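[1] test case, fold it:
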Amino acid sequence: MVSHDLDRSLGLYPTMMISMGAMIGSGIFVLPALGFKKAGPAVILAYVLSALVVLPAALSKAEMATAMPQAGGTYLYIDRALGPLFGTIAGIGSWFSLTFKSAFALAGLGAYLLVPEIIPIGEELLLPVSLALAGAVIVLNISGTELSGRVQAVIVTLVLAGLVAYTLNAGVEVNPDSYTPFTTDGSGGVITAAAFVFVSFAGVTKIASIAEEVENPGKNLPRAILGSMAIMTLVYIAVVAAIVGLADAETLKKGGPGGDSASLTPMADGADALFGGAGVLIISVIAVVALTSMANAGVLSTSRFPLAMSRDNLLPPQLDTIDERFGTPRNSVLLTGAVLLFLIAFVPVVELAKLASAFKILVFSIANVALIAFREADVPEYDPEWTTPGYPYVQLFGVVAGLGLLTQMGGLPILGAIGIIIGSVIIYVTYGRSRTDRTGAIGTIIHNRRGQSDDGLAPTDTD
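    Have a look, this model is predicted:
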């Protein structure tokens with residue numbers, strides 16, 4: 001008999017580690033030099049700006065997660081708030097964007113594997129190695145959430161220790177002249193860099209999609225989301241400041257493939273000054289471990305989107321299958337893994353980062369609208385154990401700031417986001433619309449204004 005229930009096996013610590021593991025990879029080990037090329041040393045401010053834009057969505061999702069501690073996260077909240085059409089767009093869009101980010105992490109391993117001190121590997125082997133690591137991550141996620149969470153906790157703890165050592169040593173080795181001029185392209189450069197590195201923080205709310213597997217979700221989910229974001233914001237500021245102070249500016253701007261693109265190994269660029277000859281090797285090993293960890297957290301949480309959408313009849317029922325032996329959504333993991341392997345094989349690394357950032361900015365903005373819809377509808381089914389402060393001003397800021405950043409992404413990422421939206425609408429019209437009659441909380445608001453009684457929501461099981 002096939003089960004449809006997931007086990008609550010994740011406590012606060014592994015839940016926080018999954019969230020931090022989803023942020024601790026490319027945002028530190030790959031993106032700083034790409035952001036530096038756009039803003040100079042002011043890339044430090046770009047990370048702060050990104051955190052401020054992400055914070056409203058983090059607060060909103062923390063509240064909604066305590067009201068609906070089920071698999072699906074962003075998809076579930078937007079679907080129940082704005083209806084199944086927007087839910088389909090959010091679910092498929094979030095699934096793609098987070099899979100983009102996981103692929104970006106594994107593809108980014110290639111740059112660190114090319115560092116001479118790590119292993120004697122030729123460029124022709126980079127793709128097979130990245131694909132093999134992706135395969136290992138897929139197998140790990142099928143083998144059990146509790147096992148995956150434990151592995152994640154150990155990896156993230158070790159990586160954080162390495163980052164602390166890097167930052168503390170950098171305090172006595174940095175060159176103060178590296179920070180002047182601080183802003184090389186004005187405020188526009190900082191905003192553009194913030195949009196580009198936005199994906200660094202996208203993982204903060206990934207744990208909302210595995211809420212059904214978190215113990216005591218009413219307390220642990222808000223603590224894990226907000227706690228991991230606070231810690232990682234400080235880590236980003238400290239590490240990026242260390243990178244800027246240690247590495248040569250020209251190396252950061254032009255040390256990448258071909259000699260005319262930004263470096264993809266910014267932490268390794270300044271490691272020799274910290275730890276001597278073994279410094280590059282140490283940092284490269286940490287980077288490989290961290291990026292693999294990030295991909296693991298990505299697959300773990302991303303695979304829950306197809307699961308939740310299948311439960312709501314927006315995707316085929318086969319994606320709702322829970323493996324009897326391991327208690328994991330096997331088919332959803334396999335589907336996510338197949339897309340992950342395709343992206344690694346065929347999509348350039350930098351484009352993966354841009355596409356991931358663009359759609360996450362859009363989805364985070366919609367998540368803030370979803371919270372407003374729930375609050376204004378005032379339906380009995382929406383009963384969060386924790387509520388966000390500053391409502392609705394925090395959410396309105398998140399919407400406006402997010403859309404502002406989106407305009408800085410350039411044409412291709414925006415076209416990619418539009419393409420995903422169109423594809424999602426087609427899937428809903430051809431498959432989901434005839435199988436669901438929900439209107440969401442927004443439907444409740446409309447019915448109330450018409451003097452009708454209808455909560456517009458599908459039943460939610462919060463046991």
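[2] and the next element down the chain from the helix or strand of the chain with the lowest mean pLDDT?
    Between all helices and strands in the chain, the lowest mean by mean pLDDT, DSSP states H and E belongs to helix 271-275, at a mean of 71. For helix 271-275, the following helix or strand on the C-terminal side (DSSP states H and E) is helix 279-302.
[3] that following helix - what's its average pLDDT?
    For helix 279-302, mean pLDDT is 79.
[4] equivalent analysis for stretch 60-77, please.
    Per-residue scores along stretch 60-77 average to 84.
[5] check stretch 433-440 too.
    85.
[6] only alpha carbons, please: show it as PDB.
    Output of stretch 433-440 as PDB, limited to C-alpha atoms (Å, rounded to 0.1, in the frame of the first residue of the first chain):
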ATOM      1  CA  ARG A 433      -8.600  24.000 -14.000                       C
ATOM      2  CA  SER A 434     -11.000  21.100 -14.500                       C
ATOM      3  CA  ARG A 435      -9.800  19.300 -11.400                       C
ATOM      4  CA  THR A 436     -10.100  22.100  -8.800                       C
ATOM      5  CA  ASP A 437     -12.700  24.700  -7.800                       C
ATOM      6  CA  ARG A 438     -10.800  26.700  -5.200                       C
ATOM      7  CA  THR A 439     -10.700  30.500  -5.300                       C
ATOM      8  CA  GLY A 440      -8.400  31.100  -2.400                       C
END
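[7] tell me the buried residues in that stretch?
    Thr436, Arg438, Thr439, Gly440 (16 or more other C-beta atoms under 10 Å). C-beta coordinates here come from the backbone N, C-alpha and C atoms, glycine included.
[8] what does stretch 392-410 give?
    Applying 16+ other C-beta under 10 Å to stretch 392-410 flags Val394, Gln395, Phe397, Gly398, Val399, Ala401, Gly402, Leu405, Leu406, Gln408, Met409 as buried.
[9] likewise stretch 313-329?
    Asn313, Leu314, Leu315, Leu319, Asp320, Thr321, Ile322, Asp323, Phe326, Gly327, Thr328, Pro329.
[10] any low-confidence regions in the stretch 51-200 of the chain?
    Within the stretch 51-200 of the chain, the segments meeting pLDDT under 70 span 71, 110, 115-126, 144-150, 152.
[11] which residue ranges of it form strands?
    Assigned strands in the stretch 51-200 of the chain: none (criterion: DSSP state E, counting those that start in this stretch).
[12] for Ser301, give its distance to Gly443.
    28 Å (C-beta to C-beta, to the nearest Å).
[13] these two: which has the busier surroundings?
    Ser301 (29 against 20; other C-beta atoms under 10 Å).
[14] ok, that one touching Ser97?
    No. With contact defined as C-beta atoms under 8 Å, Ser301 and Ser97 do not form a contacting pair (11.9 Å).
[15] mind jotting down where the helices sit in the stretch 1-150 of the chain?
    Ranges of helices in the stretch 1-150 of the chain, per DSSP state H, counting those that start in this stretch, are 12-23, 26-29, 31-39, 43-67, 74-82, 84-113, 126-142, 145-170.
[16] which residues touch Leu133?
    Contacts of Leu133 were listed using C-beta atoms under 8 Å, 6 or more residues apart in numbering, and they are Leu106, Leu109, Thr292, Ala295.
[17] out of those residues, flag the one nearest to Gly279.
    Using C-beta to C-beta, Leu109 is the member of those that lies nearest Gly279, at 18.9 Å.
[18] OK, contacts around the closest one?
    Leu126, Val129, Ser130, Leu133, Ala287, Val288, Leu291, Thr292.
[19] if we go to 7 Å?
    Leu109 makes contact with Ser130, Leu133, Val288, Leu291, according to C-beta atoms under 7 Å, 6 or more residues apart in numbering.
[20] mind picking the two most distant members of those?
    Between any two of these (C-beta to C-beta), the greatest distance is 10.7 Å, for Ser130 and Val288.
[21] who's more crowded, the two?
    Ser130 (23 against 20).
[22] I'd say the more buried one and Ala105 touch.
    No. Contact criterion C-beta atoms under 7 Å: Ser130 and Ala105 do not qualify, at 9.6 Å.
[23] Gly83 versus the residue nearest to Ala308 when sequence neighbours are not counted, what's the distance?
    The shortest distance from Ala308 to any non-neighbouring residue, by C-beta to C-beta, 6 or more residues apart in numbering, is to Gly72 (2.8 Å). Distance, Gly72 to Gly83, using C-beta to C-beta: 15 Å.
[24] before we move on, what about Leu335?
    In terms of C-beta to C-beta, Leu335 sits 24 Å off from Gly83.
[25] how about the helices in the stretch 251-400 of the chain?
    266-269, 271-275, 279-302, 304-311, 330-346, 349-377, 393-406.
[26] what about the last one, distance to the chain center?
    Which is helix 393-406. 18 Å (C-alpha atoms, centre = their mean, to the nearest Å).
[27] hmm, who's touching that helix?
    Outside helix 393-406, the residues that reach it (C-beta under 7 Å, 6+ apart) are 53, 56-57, 59-60, 191, 194-195, 198, 358, 361-362, 364-365, 368-369, 371-372, 388.
[28] pretty sure Ala287 is touching Met267, no?
    Yes. With contact defined as C-beta under 7 Å, Ala287 reaches Met267; the gap is 6.4 Å.
[29] overlap of the contact sets of the two?
    With C-beta under 7 Å, 6+ apart, Ala287 and Met267 have common neighbours Phe29.
[30] wait, Ile78 sits on Ala367?
    Yes. If you go by C-beta under 7 Å, Ile78 and Ala367 touch, sitting 6.4 Å apart.
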